[in-house]
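> next input, structure requested:
(4 chains)
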Protein chains: 2
Amino acid sequence: MAQVEQRYTRARRALVETLVSAGRPLSIAEILAATPAITQSSTYRNVTALIDAGAVRRVAGTDNHSRFELAEDLSGHHHHLICQTCGHVLDIAASPWLERALAEAARVAEEDTGFSVDDHRVDLVGTCSQCRRDGHR
Amino acid sequence: MAQVEQRYTRARRALVETLVSAGRPLSIAEILAATPAITQSSTYRNVTALIDAGAVRRVAGTDNHSRFELAEDLSGHHHHLICQTCGHVLDIAASPWLERALAEAARVAEEDTGFSVDDHRVDLVGTCSQCRRDGHR
DNA sequence: CTTTCTGCAAACGATTTGCAGCAGC
DNA sequence: GCTGCTGCAAATCGTTTGCAGAAAG
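Just a heads-up that it's a prediction; the model follows:
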């Protein structure tokens, strides 16, 4: 959390538009490929700035690269489907049934542990059709 | 996946015992603190060896440090409760109700995307009582 | 004995940061 | 014009690896 003293520059506009049109979490490499005019260090600084501003969220995958997506305020609540071979991440819709089960699990966890739970992440992990076709690895 | 040509040395025994007695995912720093006689590089090599052997699993948290826990073959299926302030991770039990909702979500995702789903991760994210007491950050 | 581990220090790769000039407001 | 952003290159930090000696079987 930090300053609201932020400027909505060309680079940041481009970053947000890239995330919007992707509709799935992108790695820094993917963002750079989509915005060739912006350098890597600025991209890192901009995701940080936009995370502080509440517009972007960092998501953890199975590989060592961070990925970034629009905050749920902007994109709506959803879960992820992750390929454990290539690391690609897709958004998937959350069913009300699943959400209810998660809310109940959160209630139980708060009661048992003293945590206050205010979010959840659900990742389905598997292999995308592409990687399955290429033979595992 | 790799060799079974592995020796069950003092260091590996200590690593497994540390994970067993913790009952929750530990970072490399935490493992090192619990096994002062083993160096950092050996610990990294040993978690890798034990992951290859199927005894240990790497888990992604909210911070940049990897954490490690016993494979579910040994510890049973469970989910995680993560403190977004200090990064600590606790194990929590999965309810049958939640598991059923997840299985259904996986079925739908496979149908929609062509992925084959073979695992899932559920993380409840919040703030532990300790961090709440200390005032956020 | 042979093969796999271990410790140490150097190497890596992703991410961060200091600095000087440019751009938003 | 003042303040925040950008590019560049150097620094940082978690993690990996090469090598020579120690330990497992």
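
> give me the number of residues near A:R121?
As a burial measure, A:R121 scores 18 neighbours (other C-beta atoms under 10 Å in any protein chain shown). C-beta: built from backbone N, CA, C; applies to glycine.

> kindly apply the preceding question to A:E110 instead.
A:E110: 17 neighbours (other C-beta under 10 Å).

> what's across from the closest residue to it other than its chain neighbours in the sheet?
With sequence-adjacent residues excluded and distances taken as C-beta to C-beta, 6 or more residues apart in numbering or on different chains, A:E110 is closest to A:V117, at 5.5 Å. Beta-bridge pairing for A:V117 (DSSP bridges): B:G126.

> what sits against A:I38?
A:11, A:14-15, A:32, A:46 (C-beta atoms under 8 Å, 6 or more residues apart in numbering or on different chains).

> and those near chain B, which?
By C-beta under 8 Å from any C-beta of the partner chain, no member of those lies near chain B.

> out of those, which is most surrounded?
For the contacts of A:I38, neighbours tallied by other C-beta under 10 Å; top is A:L15, 25 neighbours.

> shouldn't that one be within a helix?
Yes: assigned with DSSP: H, G, I helix; E, B strand; the rest coil, A:L15 falls within a helix.

> once you drop chain neighbours, what's closest to it?
Leaving aside its sequence neighbours, A:L15 sits nearest to A:N46 (C-beta to C-beta, 6+ apart; 5.2 Å).

> so what are the domain limits for chain A?
According to automatic domain parsing, chain A comprises the domains A:1-75, A:77-137.

> near DNA strand D, which residues of chain A?
Contact residues, chain A versus DNA strand D (C-beta under 7 Å from any atom of the strand): A:3, A:5-7, A:9-12, A:37-39, A:41-42, A:45-46, A:49.
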